[in-house]
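Trainee: With the input below, show me the fold.
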Amino acid sequence: MLQIAVIRENPERIITALQRKHFDARAIVMEIVELDEKRRSSQAALDNVLAESNKLSKDIGMLMKNGEKAKAELLKQKTTNLRDESKLLSEQLEVFASQLTEKLYLLPNLPAAIVPDGKTPDENVNVFQEGAIPVLHEGALPHWELVKKYDIIDFELGVKITGAGFPVYKGKGARLQRALISYFLDKNTQAGYQEYQVPHLVNEASGFGTGQLPDKEGQMYHVGLDDLYLIPTAEVPVTNLFRDELLSENDLPILCTGYTPCFRREAGSYGAHVRGLNRLHQFDKVEIVRIEHPEQSYDALEGMVEHVKNIMRELKLPYRILRLCGGDMSFASALTYDFEVFSTAQDRWLEISSVSNFETFQANRLKLRFKGKDGKTQLAHTLNGSSLALPRVMAGILENYQTPEGIVIPEVLRPYTGFDIIN
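Mentor: Sure thing, here's the model as predicted:
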């Protein structure tokens, strides 16, 4: 969440900045300023009462030592009154602080200066494109037809077991899926990321820590009996590894990677563009997360973009990179680059990765801080990216690598699959 000191210093700047995300923040910001003033006023009153109470306690001690018991008893009555007053002020302070936090949770992160203006995905800026778009043979099929033809993914079985959006991978389809996961993890660990295996359910505090709650509550699967949430991405448990941590500057940067299944309700997702693997309720993803010094985080972001580029080059898939406009950015992001693979059989671009810098937004919620070499404590910056999300990468491979003889496996994956064609 945004830091209260930043809002207090210049509320109009916050309101103007969030307009670039097409978020009307005025009413919330004004409520925050008012609650902050009440909270600070209550805190000052409580501090005064406690200071007076402490002084009286010392005075009572001196009077008792000097044998002036009657005077001491009079002061004791005052301390009782002050104790009651401090209790009321503490309760009032707790209410104001709780209300303030609830309002702060409602404000999205500020967009970075280089975020393009715009409201819809059509206004995102194409900053890089690479890879030749293959010319497919006559009769080439979209992936949802290919998986039936070669019996490698069964959507109907998933519907039978669970429901729509939960596919079953079979035979060479399952092996290709496992190969992609292993390849992505190997690429990440070779680049210096430490691998983690993390829980697939998280508590409410973890959801709030990375900004999924309260913003995306409707998209998350909730286990009501235990008050736990199925993770929408490994970003949530991996970043929360560092919740409530005070790091040393020498600990930075921290590079993490992890594979998890991801669960998203994706309410209201219908139509041709969500067929097959294009949009699922359960899918696999390999994530990278970085904890960075604020002065290094944007260099780190560029490094993460280059890392994902290298993976796409090795897979030899045509892709492009978009810098998201303000209106298309996530609640928590300060700057996001989306990677999209070109699906030749569908003749459209499919998002396969988002690489984002959250600056201090998540760290403030997480209370993730580090002590600098000057001894001062400050919030770290957090970043994350998909490296990569599997369904649309799989769709891109199946469609772009299809031939009349079968689906050729990208050369870099063959040591992982143990076969070079699906036929």
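Trainee: where does the stretch 251-400 of the chain dip in pLDDT?
Mentor: In the predicted model of the stretch 251-400 of the chain, residues 267-273 satisfy pLDDT under 70.
Trainee: Wait, Trp144 touches Leu277, no?
Mentor: Yes. Between Trp144 and Leu277 a contact is recorded at 7.5 Å, counting by Cβ atoms under 8 Å. C-beta: built from backbone N, CA, C; applies to glycine.
Trainee: who has more neighbours, these two?
Mentor: In this view Trp144 and Leu277 are compared by other Cβ atoms under 10 Å, and Leu277 has more residues nearby, 24 against 19.
Trainee: Now do the same contact list for the more buried one.
Mentor: Remark: with contacts taken as Cβ atoms under 8 Å, 6 or more residues apart in numbering, Leu277 is in contact with 143-144, 153, 167, 283, 391-392, 394-395.
Trainee: Which pair of the residues you listed spans the longest distance?
Mentor: Longest distance between any two of the contacts of Leu277 is 14.8 Å, between Trp144 and Phe283; criterion Cβ to Cβ.
Trainee: Which of the contacts of Leu277 fall within strands?
Mentor: Helix and strand membership here follows DSSP state E; of those, those in strands are 153, 283.
Trainee: so which of the contacts of Leu277 comes closest to Val33?
Mentor: Once Cβ to Cβ is applied, the member of these that ends up nearest Val33 is Phe283, at 41.9 Å.
Trainee: Using the record's assignment, carve this structure into domains.
Mentor: For the chain, the domain assignment from the TED database gives the residue ranges 4-106, 121-422.
Trainee: got CSV for these, with distance to Ala112 too?
Mentor: As requested, these are arranged in CSV below (distance: least, Cβ to Cβ, whole Å):
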stretch, distance to Ala112
domain 4-106, 10
domain 121-422, 4
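Trainee: Next, count neighbours for Lys373.
Mentor: For Lys373, using other Cβ under 10 Å, the count is 8.
Trainee: how about it, phi and psi?
Mentor: phi -60, psi -20 (degrees, to the nearest 10).
Trainee: The closest residue to it other than its chain neighbours: neighbouring residues, count only.
Mentor: Nearest in space to Lys373, with sequence neighbours left out and distances taken as Cβ to Cβ, 6 or more residues apart in numbering, is Glu249 at 5.5 Å. The local packing of Glu249 (other Cβ under 10 Å) involves 14 other residues.
Trainee: OK, contacts around Glu249?
Mentor: For Glu249, the residues meeting the contact criterion (Cβ under 8 Å, 6+ apart) are 293, 370-373.
Trainee: So of these, which two are at opposite extremes in space?
Mentor: Taking every pair in the contacts of Glu249 and measuring Cβ to Cβ, the maximum separation is 11.7 Å, between His293 and Lys371.
Trainee: Kindly check the end-to-end length of stretch 387-405 for me.
Mentor: 30 Å (Cα to Cα, to the nearest Å).
Trainee: If you count neighbours, what's buried in that stretch?
Mentor: 387-402 (16 or more other Cβ atoms under 10 Å).
Trainee: Then stretch 22-30?
Mentor: Buried residues in stretch 22-30, counting neighbours by 16+ other Cβ under 10 Å, are found at 23, 25, 28-29.
Trainee: for stretch 402-417, same thing?
Mentor: Counting neighbours by 16+ other Cβ under 10 Å, the buried set in stretch 402-417 is 402, 406-410, 413, 416-417.
Trainee: Near Gly418, how many other residues are there?
Mentor: Other residues lying near Gly418 total 10 when counted by other Cβ under 10 Å.
Trainee: For Ile114, which of the domains of the chain is the nearest?
Mentor: The closest of the domains of the chain to Ile114 is domain 121-422. By Cβ to Cβ, the value is 6.8 Å.
Trainee: Distance from the closest one to the middle of the chain?
Mentor: Centre-to-centre, domain 121-422 and its host chain are 11 Å apart (Cα atoms, centre = their mean, to the nearest Å).
Trainee: What does the pLDDT read for the residue nearest to His137 when sequence neighbours are not counted?
Mentor: Once flanking residues are discounted, His137 sits nearest to Pro404: 5.4 Å by Cβ to Cβ, 6+ apart. The score at Pro404 is 96. That number is its pLDDT.
Trainee: Now do the phi/psi pair for Pro404.
Mentor: With angles defined as degrees, to the nearest 10, Pro404 shows backbone torsions of phi -60, psi -20.
Trainee: Verify the stated contact: it with Leu141.
Mentor: No. The pair Pro404 and Leu141 does not pass the contact test of Cβ under 8 Å, sitting 11.2 Å apart.
Trainee: could you point out which element follows the longest helix along the chain?
Mentor: The helix spanning the most residues in the chain, taking DSSP state H as the definition, is helix 26-65. With elements assigned by DSSP states H and E, the helix or strand that comes after helix 26-65 is helix 69-104.
Trainee: what mean pLDDT does stretch 154-174 have?
Mentor: Per-residue pLDDT values across stretch 154-174 average out to 96.
Trainee: Name the residues of that stretch that are buried.
Mentor: For stretch 154-174, burial by neighbour count (16+ other Cβ under 10 Å) applies to 154-155, 158, 165-169, 172-173.
Trainee: Need the max-distance pair from these.
Mentor: Set against one another by Cβ to Cβ, the buried residues of stretch 154-174 have their most distant pair in Gly165 and Lys172, with a gap of 22.2 Å.
Trainee: quick one on the thing from earlier: could you redo the contacts of Leu277 as a markdown table and give each row distance to Met64?
Mentor: Written out in a markdown table, the entries for the contacts of Leu277 read as follows (distance: Cβ to Cβ, whole Å):
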| residue | distance to Met64 |
| --- | --- |
| His143 | 85 |
| Trp144 | 86 |
| Ile153 | 83 |
| Pro167 | 79 |
| Phe283 | 72 |
| Pro391 | 76 |
| Arg392 | 77 |
| Met394 | 80 |
| Ala395 | 82 |
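Trainee: now, which of the contacts of Leu277 sits nearest Gln43?
Mentor: Closest to Gln43, out of all of these and judged by Cβ to Cβ, is Phe283, at 46.9 Å.
Trainee: So the closest one versus Gly165, what's the distance?
Mentor: The gap separating Phe283 from Gly165 is 9 Å, by Cβ to Cβ, to the nearest Å.
Trainee: And Gly173, by the same measure?
Mentor: 17 Å.
Trainee: give me the number of residues near Phe370?
Mentor: A count of nearby residues for Phe370, using other Cβ under 10 Å, gives 24.
Trainee: I am finished for the moment; much appreciated.
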